[in-house]
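Visitor: Test case, fold it:
(2 chains)
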Amino acid sequence: DTGVSQNPRHKITKRGQNVTFRCDPISEHNRLYWYRQTLGQGPEFLTYFQNEAQLEKSRLLSDRFSAERPKGSFSTLEIQRTEQGDSAMYLCASSLEGGTNTGELFFGEGSRLTVL
Amino acid sequence: AQSVTQLGSHVSVSEGALVLLRCNYSSSVPPYLFWYVQYPNQGLQLLLKYTSAATLVKGINGFEAEFKKSETSFHLTKPSAHMSDAAEYFCAVSDAVNDMRFGAGTRLTVKP
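Guide: Model prediction:
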């Protein structure tokens, strides 16, 4: 399967712990996006990369959140000192440059985080 | 800044009935508009998109949407619902730069 892959699919953690999610985009895609989706809401933009450069970050991305894409391929999203309000589905999407212009965002199945 | 509003968080139709999911947008520039579908335990899939070509856009699985600038709407329709259409549907708007904004979603239930 050459789609967007996210791991782990589910993560349960205690408040205050750190968690890390990984996203492997479609191999030829140079853009990678992170979104957060809470129950009853649509996806909310967090950040995006073009190759290894992080070009935009949402206000939603507090200083406890950090995302990297070190070699322009896979990306990680780390949440430090998790809070119960961080419980959500974290979605990764990838596209070719200009993807947003044509709607061709390809989404992974998401990583569901539950903070106890 | 652009945004979308989806009217009705939950729509229920009978199998074979018309499906109508409503989406209104706000954008300061000519928008690009999209509908995505999310089946249970799956990622979002692009249903269709409007990118300033034809105002009536046809997508996968028999869905279509019409861009109406005067009404700032982009409603999604399907003439005859099928059980397999049960899913969450998201309308999204982009300013053609890097910022795609999603609506809150409409859950479609299809009754036999």
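
Visitor: would you put the C-alpha positions of stretch B:86-106 in CSV?
Guide: These are the backbone C-alpha positions of stretch B:86-106, laid out as CSV (Å, rounded to 0.1, in the frame of the first residue of the first chain):
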residue,chain,number,x,y,z
ALA,B,86,-23.4,6.3,5.4
ALA,B,87,-20.4,8.2,6.6
GLU,B,88,-19.2,11.6,7.8
TYR,B,89,-19.0,14.3,5.1
PHE,B,90,-16.8,17.4,5.4
CYS,B,91,-16.9,20.5,3.3
ALA,B,92,-13.6,22.4,3.0
VAL,B,93,-12.5,25.7,1.5
SER,B,94,-9.0,26.8,0.5
ASP,B,95,-7.6,30.2,-0.5
ALA,B,96,-5.4,28.5,-3.1
VAL,B,97,-2.3,29.1,-1.0
ASN,B,98,-1.7,26.7,1.8
ASP,B,99,-4.7,26.9,4.1
MET,B,100,-7.5,24.4,3.9
ARG,B,101,-10.3,24.9,6.4
PHE,B,102,-12.9,22.2,7.1
GLY,B,103,-16.5,22.4,8.3
ALA,B,104,-17.6,20.6,11.4
GLY,B,105,-19.0,17.7,9.4
THR,B,106,-22.4,16.1,8.6
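
Visitor: So which bits of chain B are right by chain A?
Guide: Chain B comes close to chain A at residues B:6, B:9, B:32, B:34, B:36, B:41-46, B:49, B:51, B:90, B:92, B:94, B:96-105, as judged by CB under 8 Å from any CB of the partner chain. The C-beta positions use only the backbone N, C-alpha and C, and glycine is treated the same way.

Visitor: Filter those residues down to the buried ones.
Guide: The neighbour-count test (16 or more other CB atoms under 10 Å in any protein chain shown) marks B:6, B:32, B:34, B:36, B:43-44, B:46, B:49, B:51, B:90, B:92, B:94, B:96, B:98, B:100-103, B:105 as buried among the residues of chain B next to chain A.

Visitor: quick one: average pLDDT of stretch B:24-38?
Guide: Across stretch B:24-38, the average pLDDT comes to 88.

Visitor: Residue of chain B nearest chain A, please.
Guide: B:F102 (3.3 Å; CB to the nearest CB).

Visitor: from memory B:P31 sits against B:Q2, does it?
Guide: Yes. Using CB atoms under 8 Å, B:P31 makes contact with B:Q2 at a distance of 6.2 Å.

Visitor: Between those two, point out the one with more neighbours.
Guide: For B:P31 and B:Q2, the more surrounded residue by other CB atoms under 10 Å in any protein chain shown is B:P31, and the numbers stand at 24 against 19.

Visitor: Nearest spatial neighbour of the more buried one, chain-adjacent residues omitted?
Guide: Nearest residue to B:P31 in three dimensions, chain neighbours excluded: B:V93, at 5.0 Å (CB to CB, 6 or more residues apart in numbering or on different chains).

Visitor: For chain A, which segments count as strands?
Guide: Assigned by DSSP state E, chain A shows strands spanning A:5-7, A:10-13, A:19-24, A:31-37, A:44-50, A:53-57, A:65-68, A:75-79, A:88-95, A:106-107, A:111-115.

Visitor: ok, residue 64 - contacts?
Guide: Defaulting to chain A. A:I79, A:Q80, A:R81, A:T82, A:E83 (CB atoms under 8 Å, 6 or more residues apart in numbering or on different chains).

Visitor: oops, I was thinking of chain B
Guide: Contacts of B:E64 (CB under 8 Å, 6+ apart): B:L48, B:L56, B:V57, B:K58, B:L76, B:T77, B:K78.
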